[in-house]
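Trainee: Output the structure for:
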Amino acid sequence: MAHLLDRRSMLGGMLSLLALSGSGQASQRDWYIGRIPEQPFDIPLVDKSLLPARFHRQVVAYSGREAPGTILISKQERFLYYIEDTGRALRFGISVGRDGQRWTGEAVVGRRARWPSWTPTANMRRRNPNLPVRVAGGPQNPLGARALYLYRNGQDTLYRIHGTNEPWSIGQAASSGCIRMLNEHILELFATVRNGARVIVL
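Mentor: Residues are numbered from 1 along each chain as shown. Modelled structure (predicted):
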């Protein structure tokens, strides 16, 4: 996967990221150029010209040992790889957890949801008492259009791979530990991945 096995030598270049922000390069409205029709909500399409090319969806070479169907996440590179078959993977740009809110290890996809609701954890609400108790699914929900719920030893880890309504955060350490993707990217991954899929977070 773009020589992931030699990823340590790549990190210097990969981490010289173009920092994007909602107020820096474009207004939130300027990020969107169209919609994917869906019920009950359409899915906004992002103007990729506002996102560094390295974070666009790409088919890349893969030389690792993980089986097809595995999701491999490199937090330092800010990439999610979906292993398609021998020698090839799909690579997507992602947003990862902020310092102190990152995790590593293995999990499996234990549940999948369309337009998921969001319930901030107790820790989140302690840090920010103004957070709502629950946000219903929809375009204003920070989990976006789809979510993959990550489980370990049969228990919900409370971490997700999900869409986002903040596309400018892709490539940054911006979340509370979850993995964010563009809505159109998580839509594709959601349609491909099944419950029980192995997830490796490095």
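Trainee: Mind telling me what element the residue lying closest to P120 once chain neighbours are set aside is part of?
Mentor: Using CB to CB, 6 or more residues apart in numbering and skipping the chain neighbours, the partner closest in space to P120 is L131 (4.5 Å). Heads up, the C-betas are built off the backbone N, CA and C, glycines and all. For L131, there is no host helix or strand (DSSP states H and E).
Trainee: quick one: contacts for L131?
Mentor: By CB atoms under 8 Å, 6 or more residues apart in numbering, the contact set of L131 is 120, 124-125.
Trainee: Could you measure from it over to A122?
Mentor: 11 Å (CB to CB, to the nearest Å).
Trainee: Who does V201 form a beta bridge with?
Mentor: I73, G105 (DSSP bridges).
Trainee: which ones are touching it?
Mentor: Counted by CB under 8 Å, 6+ apart, V201 has contacts 73, 75, 103-107, 179.
Trainee: Also N128?
Mentor: P120.
Trainee: In the chain, where is pLDDT below threshold?
Mentor: 1-29, 100-101 (pLDDT under 70).
Trainee: Can you show me the strands along it?
Mentor: Remark: strands assigned in the chain by DSSP state E are 32-36, 43-46, 58-61, 71-74, 79-85, 88-93, 96-97, 105-114, 146-152, 155-162, 173-175, 179-180, 198-201.
Trainee: show me the contacts for G177.
Mentor: With CB under 8 Å, 6+ apart, G177 has these contacts: 97, 101-103, 159.
Trainee: Give me the helices and strands touching the longest helix seen in the chain, please.
Mentor: For the chain, the helix that runs over the most residues, judged by DSSP state H, is helix 183-192. Identification of packing neighbours for helix 183-192 by 3 or more CB pairs under 8 Å, 6 or more residues apart in numbering; DSSP states H and E yields strand 43-46, strand 79-85, strand 88-93, strand 146-152, strand 155-162.
Trainee: can you tell which of those is closest to F190?
Mentor: Minimum separation from F190 across these (CB to CB) falls at strand 146-152, 4.1 Å.
Trainee: Show me what counts as buried in that closest one.
Mentor: By neighbour count with 16 or more other CB atoms under 10 Å, strand 146-152 contains the buried residues 146-151.
Trainee: Which two of those residues have the greatest separation?
Mentor: R146 and Y151 (16.7 Å).
Trainee: Next, the angle from the longest helix of the chain to strand 155-162.
Mentor: 130 degrees (axes from the mean of the first three to the mean of the last three CA atoms, to 10 degrees).
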